[in-house]
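Peer 1: could you work out the structure for the sequence below:
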Amino acid sequence: MKPLTSTREYCTPFFQRTVLLAILFCAAIPSHSAAAENPNLQTPVFYESKLQQIFQEKCLSCHNSKTRKAGLDLSSPESLLKGSESGRIIQAGDADASLLFQMIESAEMPPDEKNHLSKDEVQLLRHWLNAGARFREKVKTAPAVTQHDIIPLLHLRCVACHGGRRKEAGLDLRTKASIVRGGKSGPAVIPGNPSSSLLIKRIHAGEMPPPRKLVSASVKPMQANERELLSQWIALKLPEVESPHSEEETLVTEDDRNFWSFQPPKQPTPPKVQGQGRVRNPIDAFILQQLEPKGLSLSPAASKRTIIRRLYFDLTGLPPKPDEIEQFLNDTDPRAYEKLADRLLASRRYGERWARHWLDAAGYADSEGAQNEDKLRPHMYRYRDYVIQALNEDKPYSRFLIEQIAGDELVDYQSGKITPEVYDCLVATGFLRTAPDRTFANITNFVPDRLEVIADEMDILGSAVLGLTIKCARCHSHKFDPIPQRDYYRLTAVFKEAYDEHDWLKSQGPRTLSYIPKEERDKYNEREQELAAQVQQLKQEIAKLTAQAQKLQIKKLAKSLEEADPQYKQKCDQLQQQIKAVEARRQPQPRIRALWSRGTPSPSYILKRGNYLTPGRPVEPGVPAVLTRQQNPLEVIAQPGQQEPKGGRRLAFARWLTQPAHPLTARVMVNRIWMHHFGRGIVKTPENFGRAGERPTHPELLDWLATEFVRQGWSLKSLHRLMVTSETYRQSSDVSDEALRLDPEGSLFSRMPLKRMEGEVLRDTLLFLSGQLDETPYGPADPVDVRRDGLVTSKASDKGWRRSIYVLQRRTQIPTLLENFDYPQMGPNCIRRGESLVAPQALHLMNDQMIHRLATDFAAKIRSQAGSSQTEQVRQIYRQAFGREAVRKEVSIGVETMNALNQEWLNAYPTTRAEEAARKSLTNYCHAIFNLAEFQYID
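Peer 2: Next comes the predicted model:
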């Protein structure tokens with residue numbers, strides 16, 4: 001063969017044939033491979049010859065025709081090919097793509113280390129799969145590629161431009177029929193001929209998806225294996241198979257449903273106890289039922305001073321005033337305490353106090369999180385206000401939940417008539433918009449980013465409402481609870497009409513609704529356009545003045561515009577003032593951060609191991625099977641009067657959730673209320689009522705409260721009233737040696753816990769005592785100041801500072817006082833706050849400038865009430881800060897302390913007047929009071 005003289009000769013047919021023969025010859029030479037090392041791999045391997053025995057020995061104890069753990073049966077070729085709840089587990093010709101091989105190679109399966117496959121057995125399995133997963137006997141198998149492999153792929157890569165919202169070039173790639181129908185250029189595919197199919201040509205040419213649109217559409221090009229999968233499907237002439245229906249009983253059994261928390265609660269009869277004289281309501285009987293066998297009873301009743309302080313802080317988050325305490329002490333009415341409880345429950349402060357507990361569980365924040373920018377949510381405060389108002393109105397908890405889960409499906413908001421009910425129902429869906437969300441930017445708005453938002457919302461729903469750790473089932477069937485992976489994706493399908501990763505609205509702007517009626521909206525837009533035009537005209541006048549001054553500057557060779565035209569600056573300033581005046585008249589369009597159904601969603605699939613790139617079986621909307629015995633308990637009913645269909649999946653789910661016999665809904669909420677009143681839940685793990693959670697200390701009490709809660713119309717105020725009027729709540733927090741020995745953790749409630757102020761209660765109480773609490777309710781969050789050293793403080797208004805619930809809750813800028821006192825990071829929510837005792841708490845109260853100012857204001861308030869008498873000042877401080885009278889020794893110590901401080905001021909600053917030194921010493925004393933344990937602990 002003559003030498004090659006140019007690169008062109010590399011392309012000759014002769015050279016290409018020569019190279020091809022060389023490649024084939026080299027490929028035929030045996031290599032030092034697993035096959036060479038193991039003679040068993042040099043011959044064809046059939047399932048029946050080796051693998052069937054391996055599966056019998058290592059796998060069938062869990063994956064047989066009866067137990068079918070994770071929906072998988074490995075006892076026959078047919079069941080092996082059928083796969084698991086996740087879908088197909090073997091991919092003929094590709095071991096690495098086979099879920100079965102992935103689980104075995106990673107040593108995740110079998111779970112018992114003693115049963116792990118040997119290296120030779122793993123290699124044998126790999127060889128069998130790579131060689132085509134052959135069986136000696138003919139087994140009826142599904143096509144290698146079906147629509148369930150391709151439809152999710154097209155949704156992931158193509159439907160953003162060729163689907164429901166946009167059909168560029170008239171092409172819809174969501175179904176087999178629409179794919180075959182094609183668009184303006186004709187059919188997208190030719191069944192049996194992938195190389196001639198327009199879709200394949202465009203993809204291989206790099207034209208689809210268009211590179212310039214990748215970021216704006218938040219899609220990525222098809223990977224090589226995905227292109228091959230699509231070509232295979234077309235080559236097989238677009239085979240379709242029916243969606244397989246999982247066998248319910250094989251994944252969730254009756255034994256699973258018999259676990260205590262999965263059974264509907266039944267109201268037990270309150271027991272008869274020996275200490276009947278301590279029983280004010282059935283709560284006490286259930287508590288005494290467990291105390292008396294141990295020789296214990298309730299602690300003695302707390303004093304009236306203690307109980308009023310406890311009740312005020314619990315129900316309103318603020319202390320009682322001295323005159324309110326005296327009025328209660330002198331009230332001889334036998335029902336004085338019950339009337340006090342009713343009055344506090346009717347207070348607006350009740351909603352502000354208890355809304356915080358729900359907002360913790362809901363994961364409320366005024367910013368998106370998930371990125372360093374931590375972008376603000378300017379309209380989120382409306383959801384916070386909705387929760388406060390709903391609690392103050394005593395909206396039934398059932399209705400409260402339905403509005404938050406499906407408020408948009410309850411009302412017709414598209415007609416343009418926004419009534420108070422419509423407004424509430426839309427704002428309420430903010431509950432489903434609280435999770436960290438980075439999808440406001442194109443670069444962080446891809447499918448995996450969207451799925452993280454959905455996963456966090458499912459986590460919030462599971463922990464806050466269901467009391468279950470359902471998030472585990474996103475990647476695998478729950479290891480402790482009977483929640484198969486299938487049920488997780490059924491649940492996400494319920495929300496897919498609004499939360500569809502393939503039909504997404506960015507977290508800001510598009511996902512907010514204007515709530516002013518259309519007629520008013522038109523007027524608003526006209527007014528805003530007029531104001532914008534005025535601003536533009538004024539700016540043009542400034543530009544004209546500047547151009548004239550520049551000409552004069554050149555003509556006169558002046559150093560500045562002002563020198564060229566002495567009136568230039570004055571005229572510009574006047575125009576700037578006019579611009580500011582016009583801008584002040586402009587108002588942002590009022591909007592609601594809401595969630596709403598958008599029509600027919602994309603199909604839902606189980607994601608194998610939670611990976612969006614490996615969809616498994618298709619699923620329909622549904623609920624955790626362990627919580628129902630019905631095949632499909634969701635009854636979707638069209639709402640009358642709606643202009644457009646909204647699907648109704650979430651509304652059906654919300655109604656299922658609030659049915660009286662639901663196993664978890666009432667129990668979970670009752671337990672949370674109990675936890676906040678008594679320091680710990682009847683179930684100590686309020687976010688986990690499953691097998692890995694704590695068992696209830698008083699199961700009959702929990703069920704009695706849950707059924708009573710429902711019987712009383714899901715009234716939260718009635719539930720509070722029941723708890724706080726019990727003798728159990730009204731007992732002392734003092735603990736006897738016997739109770740400490742027999743009930744060391746207080747889990748039997750033999751005494752009230754000694755509760756410490758939460759961060760919000762501490763801050764609000766400091767403001768209240770100092771006369772700086774601005775009680776203006778509702779509206780946008782109060783801004784915060786962030787110093788260079790990281791200290792974050794809320795900004796004061798002319799009236800002082802508002803309650804902590806109204807302060808901006810930015811994830812990266814939590815007010816330092818609240819953060820030091822265990823304010824939670826919302827990641828994505830908080831069911832139980834931690835309680836720490838650390839140095840930064842004391843250092844903050846000792847050194848913070850705001851605390852110093854509040855101590856000064858408190859001292860001024862005390863001086864105005866008690867005059868210059870130090871004795872009376874000490875007494876007044878004790879009445880207001882501790883809700884009690886100071887004993888003689890405390891008065892004596894207080895006076896001595898202020899005298900010593902007074903002398904120190906005079907010695908340090910000889911020119912200080914005596915009156916000024918007295919004020920400073922009183923301020924120092926008040927500041928010290930803020931740092932005492934008795935001030936920070938409620939009892």
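Peer 1: which element follows the helix or strand Gln123 falls within toward the C-terminus?
Peer 2: Assigned by DSSP states H and E, Gln123 falls within helix 119-130. Under the assignment DSSP H and E, the closest C-terminal helix or strand after helix 119-130 is helix 147-157.
Peer 1: mind giving me the packing neighbours of that next one?
Peer 2: In terms of contacts (3 or more C-beta pairs under 8 Å, 6 or more residues apart in numbering; DSSP states H and E), helix 147-157 is packed against helix 176-181, helix 224-235, strand 615-619. Any C-beta I mention is one placed from the backbone N, CA and C, and that applies to glycine too.
Peer 1: nearest to Leu719, of the ones you listed?
Peer 2: Closest to Leu719 of the helices and strands packed on helix 147-157, according to C-beta to C-beta: strand 615-619, at 36.3 Å.
Peer 1: let me see the mean pLDDT of the closest one.
Peer 2: Average pLDDT, strand 615-619: 93.
Peer 1: can you tell me which helix in the protein is longest?
Peer 2: helix 518-556 (DSSP state H).
Peer 1: still on that earlier bit, off-centre distance for the helix holding Gln123?
Peer 2: Distance of helix 119-130 from the chain centroid (C-alpha atoms, centre = their mean, to the nearest Å) equals 43 Å.
Peer 1: what packs against it?
Peer 2: Checking 3+ C-beta pairs under 8 Å, 6+ apart, helix 119-130 ends up next to helix 34-37, helix 52-58, helix 99-105.
Peer 1: model confidence over stretch 433-446, on average?
Peer 2: Averaging pLDDT along stretch 433-446 gives 95.
Peer 1: in that stretch, what counts as buried?
Peer 2: Under the neighbour-count criterion of 16 or more other C-beta atoms under 10 Å, stretch 433-446 has 433-441, 444-446 buried.
Peer 1: give me the phi and psi angles of Ile200.
Peer 2: phi -70, psi -40 (degrees, to the nearest 10).
Peer 1: quick check: it touching Ile234?
Peer 2: Yes: contact between Ile200 and Ile234 holds when scored by C-beta atoms under 8 Å: they sit 6.8 Å apart.
Peer 1: among those two, which residue is more densely surrounded?
Peer 2: Ile234 (23 against 20; other C-beta atoms under 10 Å).
Peer 1: leaving aside the residues next to it on the chain, what's closest to that one?
Peer 2: Spatially, and ignoring its direct neighbours in sequence, Ile234 is nearest to Pro194 (4.1 Å; C-beta to C-beta, 6 or more residues apart in numbering).
Peer 1: where do the strands of the chain begin and end?
Peer 2: 512-514, 591-593, 604-607, 615-619, 773-774, 784-786, 792-794, 801-802 (DSSP state E).
Peer 1: these: which one's closest to Gly827?
Peer 2: Across the strands of the chain, closest to Gly827 is strand 792-794 (C-beta to C-beta), at 18.1 Å.
Peer 1: just checking, what packs against the closest one?
Peer 2: Packed next to strand 792-794, using 3+ C-beta pairs under 8 Å, 6+ apart, are strand 784-786, helix 816-820.
Peer 1: how about the last one: buried residues?
Peer 2: Judged by neighbour count (16+ other C-beta under 10 Å), helix 816-820 contains these buried residues: 816-820.
Peer 1: same thing with the first one?
Peer 2: Neighbour-count burial for strand 784-786 flags Val784 (criterion: 16+ other C-beta under 10 Å).
Peer 1: and if you look at stretch 56-65?
Peer 2: 58-59, 62-64.
Peer 1: make CSV out of the strands of the chain and add distance to Asn281.
Peer 2: Formatted as CSV, these follow (distance: least, C-beta to C-beta, whole Å):
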stretch, distance to Asn281
strand 512-514, 45
strand 591-593, 41
strand 604-607, 47
strand 615-619, 46
strand 773-774, 34
strand 784-786, 44
strand 792-794, 41
strand 801-802, 37
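Peer 1: mean pLDDT lowest where, among those?
Peer 2: When I compare those, strand 512-514 is least confident, with a mean of 83.
Peer 1: so how far is that one from its chain's centroid?
Peer 2: That offset, for strand 512-514, works out to 21 Å (C-alpha atoms, centre = their mean).
Peer 1: report all helices and strands that it contacts.
Peer 2: Counting by 3+ C-beta pairs under 8 Å, 6+ apart, strand 512-514 packs on strand 591-593.
Peer 1: quick one: the helices in the stretch 151-300 of the chain?
Peer 2: 176-181, 198-204, 214-217, 224-235, 248-251, 254-257, 282-291 (DSSP state H, counting those that start in this stretch).
Peer 1: name the stretch among these that sits most buried.
Peer 2: When the helices of the stretch 151-300 of the chain are scored by mean count of other C-beta atoms under 10 Å, the highest mean neighbour count falls to helix 282-291 (a mean of 23).
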